[in-house]
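Q: Pasted the sequence and its predicted model underneath.
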Amino acid sequence: MPYINGGRDSASSVKCIANLHQIGVMTEIYCSDSGNILPPNNSWTSGGSSYLELLVAQVKGVGIPEARNAIARGEVPSHCPVVLPGDRGITYKSPNGSSYWINYGVNYVNLGGLMTVDGPPAFSRFNVKHPSKCIYLADGQMTLLNYAWSAAQPAARHHGKSNVLWIDGHVTSELQSWLVDPANYVEYWWSQ
């Protein structure tokens with residue numbers, strides 16, 4: 001039984017990495033169409049849209065309602081296949097009545113704060129000095145990631161690890177404890 005469970009866990013981690021990679025490819029397309037501006041995220045505002053809904057709408061050339069339907073139908077990955085107790089991210093309701101949740105969180109420490117629709121100006125990925133060392137998305141509890149806020153820290157869904165999509169598009173699996181270690185804040189969470 002442990003062997004079978006280990007194989008199932010490994011398969012879930014591989015699926016999660018593939019999900020993040022797919023979102024990374026969609027982000028490349030989005031950036032190509034938007035002058036290298038990363039998708040904004042205003043899901044915490046009333047009636048706001050998450051970065052993923054805006055990303056899907058731009059890439060598919062549809063409105064937000066149809067983007068939400070596409071996510072609800074499972075056409076676009078929105079969450080890690082590993083679900084921990086009480087772990088549903090932020091649940092959304094699509095126009096067709098289906099529920100879906102997003103728990104791949106965007107780096108709110110630097111990028112998310114700069115990418116808000118009603119906040120500071122749009123943020124170009126070219127402003128990131130070390131894109132291979134700057135977190136873009138990761139396994140999380142909601143659509144935001146923040147190392148200093150326990151409810152928004154990366155989630156250790158894969159044997160103590162979180163899968164991470166970096167700004168340059170590569171995906172790695174990192175120890176959750178390493179991701180929230182204060183020694184790594186400046187180097188991996190900030191764009192400078």
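A: That came through fine. Predicted model only: the values in this text are computed from it and were never measured. Residues are numbered from 1 along each chain as shown.
Q: got the contact list for I29?
A: I29 makes contacts with 58-59, as judged by C-beta atoms under 8 Å, 6 or more residues apart in numbering. Using the backbone N, CA and C atoms, a C-beta is placed for each residue, glycine as well.
Q: following the helix or strand where it lies, which helix or strand comes up?
A: Using DSSP states H and E, I29 sits in helix 2-33. Scanning forward in sequence from helix 2-33 by DSSP H and E, the next helix or strand is helix 51-60.
Q: I'd like the average pLDDT over that next one.
A: Mean pLDDT, computed over helix 51-60, is 90.
Q: Show residues contacting it.
A: Contacts of helix 51-60 (C-beta under 8 Å, 6+ apart): 23, 26-27, 29-30, 33-34, 38-41, 43, 49, 62-64, 66-68, 70-71, 76, 78, 92, 102, 104, 106, 112, 115, 143.
Q: starting at the chain centroid, how far to the next helix or strand after it?
A: Downstream of helix 51-60, the first helix or strand assigned by DSSP H and E is helix 64-72. Between the centre of helix 64-72 and the centre of its chain there are 17 Å (C-alpha atoms, centre = their mean, to the nearest Å).
Q: how about helix 64-72: buried residues?
A: Neighbour-count burial for helix 64-72 flags 64, 66-72 (criterion: 16 or more other C-beta atoms under 10 Å).
Q: Would you convert the residues you listed into JSON lines that also reports pLDDT and distance to G169?
A: Shown next, in JSON lines, are the buried residues of helix 64-72 (pLDDT from 0 to 100; distance: C-beta to C-beta, whole Å):
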{"residue": "I64", "pLDDT": "89", "distance to G169": "25"}
{"residue": "E66", "pLDDT": "93", "distance to G169": "26"}
{"residue": "A67", "pLDDT": "92", "distance to G169": "21"}
{"residue": "R68", "pLDDT": "90", "distance to G169": "25"}
{"residue": "N69", "pLDDT": "92", "distance to G169": "27"}
{"residue": "A70", "pLDDT": "93", "distance to G169": "22"}
{"residue": "I71", "pLDDT": "91", "distance to G169": "21"}
{"residue": "A72", "pLDDT": "90", "distance to G169": "26"}
